[in-house]
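1. sequence and predicted model, in that order:
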Amino acid sequence: VLPSFPAPIIRTVPFFNARKQGTMGAPRQLRKRNDNFSKNVTKRGNVPIGKAADHEDDGLPASKILIAFFCFVVIGSSLVQFFGLFQRSPPPLGE
């Protein structure tokens, strides 16, 4: 004789039916977006010469003051670590 267990309760989760039935995206808008995207794909990389020639390079992306500050921080921290080695007492040699 097998013991009888209660039947498991199976609840359906509305995962796939999250949207209301009968609602779809507007096909006219989707078609328009696809057409715009298709036109844009063929234009990629084709920059008119006039626009490329008019572009002025502003120089460095970081200012000289910012670069000097980073050098100061990097060199200063390395010097602090270097001089910190001499301030520490040497480890005991094991007596």
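-> Done, it's in. None of the values given here were measured: they were computed from a predicted structure.

2. buried stuff in stretch 75-83?
-> By neighbour count with 16 or more other Cβ atoms under 10 Å, stretch 75-83 contains no buried residues. Placement of C-beta: from N, CA and C, glycine included.

3. now it - C-alpha only, PDB.
-> C-alpha atoms of stretch 75-83 as PDB (Å, rounded to 0.1, in the frame of the first residue of the first chain):
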ATOM      1  CA  ILE A  75      55.400  60.800  -8.800                       C
ATOM      2  CA  GLY A  76      54.500  62.100  -5.300                       C
ATOM      3  CA  SER A  77      53.000  58.800  -4.200                       C
ATOM      4  CA  SER A  78      56.000  56.800  -5.400                       C
ATOM      5  CA  LEU A  79      58.300  59.100  -3.500                       C
ATOM      6  CA  VAL A  80      56.200  58.800  -0.300                       C
ATOM      7  CA  GLN A  81      56.400  55.000  -0.600                       C
ATOM      8  CA  PHE A  82      60.200  55.100  -1.300                       C
ATOM      9  CA  PHE A  83      61.000  57.300   1.700                       C
END
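
4. I'd like the mean pLDDT over it, please.
-> Averaged across stretch 75-83, the pLDDT comes to 94.

5. where does this protein dip in pLDDT?
-> 1-26, 44, 47-48, 50-53, 55, 58, 60, 94-95 (pLDDT under 70).
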